[in-house]
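*Asks:* here you go, sequence then predicted model.
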Amino acid sequence: QVQLVESGGGLVQAGDSLRLSCAASGRSFSMSAMAWFRQAPGKERESVAAIRWNNGITYYGDSVKGRFTISRDSANNTLFLQMNSLLPEDTAVYYCAASSRPYSLVPRRETQYDYWGQGTQVTVSS
């Protein structure tokens, strides 16, 4: 089985930065892509950023472009999300997701991911 464990969430003020991490582990698991999603209270889960594992090609949601950066440490199967210039509307539970299916483009929909972490809370106060 595959396990994804997020860390790095917390309570910060608007304009601050946070770095989320997601450690992936499990036997016989070959990742094709990983992503960050988030879900705010009363809202649907949305795609934040995604990365193809083999070549590092990335995707960003419109609301985070220019502020968030997704990256990976392939040697340690770890995914990161650097979040700068945080806004109160970034408040949400952030989920890490992984896919082992082959895609020609960077997958950005929930249904394209097979494995999910339990989430980490990010709260941005104004």
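*Replies:* Received it, and whenever you're ready, just let me know what you need.

*Asks:* identify the residues contacting the residue nearest to the spatial centre of the chain.
*Replies:* For the chain, the residue sitting closest to the mean C-alpha position, by Cα atoms, centre = their mean, is Trp36 at 1.8 Å. With contact taken as Cβ atoms under 8 Å, 6 or more residues apart in numbering, Trp36 is in contact with 20, 22, 47-50, 70, 79, 81, 94-97. Quick note: C-beta positions are derived from backbone N, CA and C, even for glycine.

*Asks:* tell me how far it lies from Phe80.
*Replies:* Counting by Cβ to Cβ, to the nearest Å, the gap from Trp36 to Phe80 is 9 Å.

*Asks:* overlap of the contact sets of these two?
*Replies:* Listed contacts common to Trp36 and Phe80 are 20, 22, 70; contacts here mean Cβ under 8 Å, 6+ apart.

*Asks:* among those residues, which one is most surrounded by other residues?
*Replies:* Cys22 (25 neighbours; other Cβ atoms under 10 Å).

*Asks:* nearest spatial neighbour of it, skipping sequence neighbours?
*Replies:* Cys96 (3.4 Å; Cβ to Cβ, 6 or more residues apart in numbering).
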